[in-house]
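[1] Quick one: sequence and predicted model below, then my questions.
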Amino acid sequence: MTVAVRRLIINADDLGYDPAVNEGIVLAMRGGVVTSATLMVNLAHSEHGAALARGLPVGLHLNLSRGSPVSERFPASLLRAGAFDETVGGSLSPEVVAEEAEAQLARAEDLLGGPATHVDVHRHLHRFPAVLEGLSRVAGRRGLPVRALDDGMRSQLRSAGVRTTDHFVGEASGEAYWTELRFAGTVAALAEGTTELMCHPGYPPRETRTSYGLQRAVELATLTSAAARQAIAEAGIVLGSFADLG
């Protein structure tokens with residue numbers, strides 16, 4: 001009888017966002033259950049985050065809404081919080097997105113001392129068709145997996161020859177999302193195949209203003225807890241990173 005295998009990649013977004021966030025993410029990777037992270041490469045604290053995470057599985061958190069562009073063609077006016085909306089998203093070309101993605105991947109490799117393991121997008125801006133298309137072109141050429149938010153995006157990515165997980169869970173809004181209770185329930189109910197669990201652990205930011213600050217500390221406590229390890233063990237979950245994704 002074939003035994004269904006349930007694999008889980010626990011990815012911490014926002015490495016590079018703030019020194020305290022960086023420290024929390026790396027703690028969750030080295031001393032907790034987080035197996036992967038994604039780095040923002042165009043912020044003041046990107047180098048700090050990359051240095052802390054050297055040797056760990058880290059991908060690119062493609063950032064099109066904060067900081068400064070890395071390529072020459074991407075409009076600098078878009079890279080401020082809240083500037084990227086439906087109108088702007090519809091005006092961008094896939095070519096411009098692809099150029100910025102290539103530039104950010106190159107910077108990630110320089111900062112990390114090796115290639116990124118995969119790509120996801122800050123604020124899920126690959127919901128916009130031009131962003132998804134441009135990113136898919138780059139990821140396909142480089143053989144990099146990309147985060148799929150739903151079945152429709154998963155189908156588009158795979159049709160473009162881009163690897164992705166079978167399932168995705170996670171959120172970041174008002175209250176802290178990954179409490180111990182929610183984490184245990186989610187892990188117990190995982191479907192067969194490979195799931196990405198998006199999380200935002202960290203210490204409350206010291207230098208960066210955000211509406212998701214104290215919530216990060218709750219997630220950090222959850223993801224470094226004995227209860228999280230127990231939930232994974234009891235469910236028979238196999239942990240991994242995007243480097244393991246076939």
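    Looks like it came in fine.
[2] in this structure, which spans are strands?
    6-15, 36-39, 58-62, 119-121, 167-169, 193-199, 238-240 (DSSP state E).
[3] Pairing partners for the third one, with directions?
    Spelled out, that is strand 58-62. strand 36-39 (parallel), strand 119-121 (parallel) (DSSP bridges).
[4] what does the shortest one rub up against?
    Identification of contacts with strand 119-121 by CB atoms under 8 Å, 6 or more residues apart in numbering yields 11, 13, 38, 59-62, 64, 101, 105, 131, 135, 138-139, 144-147, 198. For glycine as for every other residue, the C-beta is placed from the backbone atoms N, C-alpha and C.
[5] Stretch 128-135 too?
    62, 64, 86, 89-90, 92-98, 100-101, 119, 121, 125-126, 146, 153, 156-157.
[6] Return the per-residue confidence for the nearest residue to Gly24 once chain neighbours are set aside.
    Spatial nearest neighbour of Gly24, excluding adjacent residues (CB to CB, 6 or more residues apart in numbering): Gly202 at 3.4 Å. Note for Gly202: predicted pLDDT of 97.
[7] Surely Gly202 touches Val21?
    Yes - between Gly202 and Val21 there is a contact at 3.6 Å, judged by CB atoms under 8 Å.
[8] What lies in contact with the longest helix belonging to the chain?
    Criterion DSSP state H: the longest helix present in the chain is helix 94-112. Residues from elsewhere that reach helix 94-112 (CB under 8 Å, 6+ apart): 39, 41-42, 46-47, 50-51, 53-54, 58-60, 62-64, 69-75, 115-116, 119, 130-131, 133-135, 137-139, 142, 144.
[9] again, only using 7 Å
    Identification of contacts with helix 94-112 by CB atoms under 7 Å, 6 or more residues apart in numbering yields 39, 41-42, 46-47, 50, 54, 58, 60, 62, 64, 69-71, 73-74, 115-116, 130-131, 133-135, 137-138, 142.
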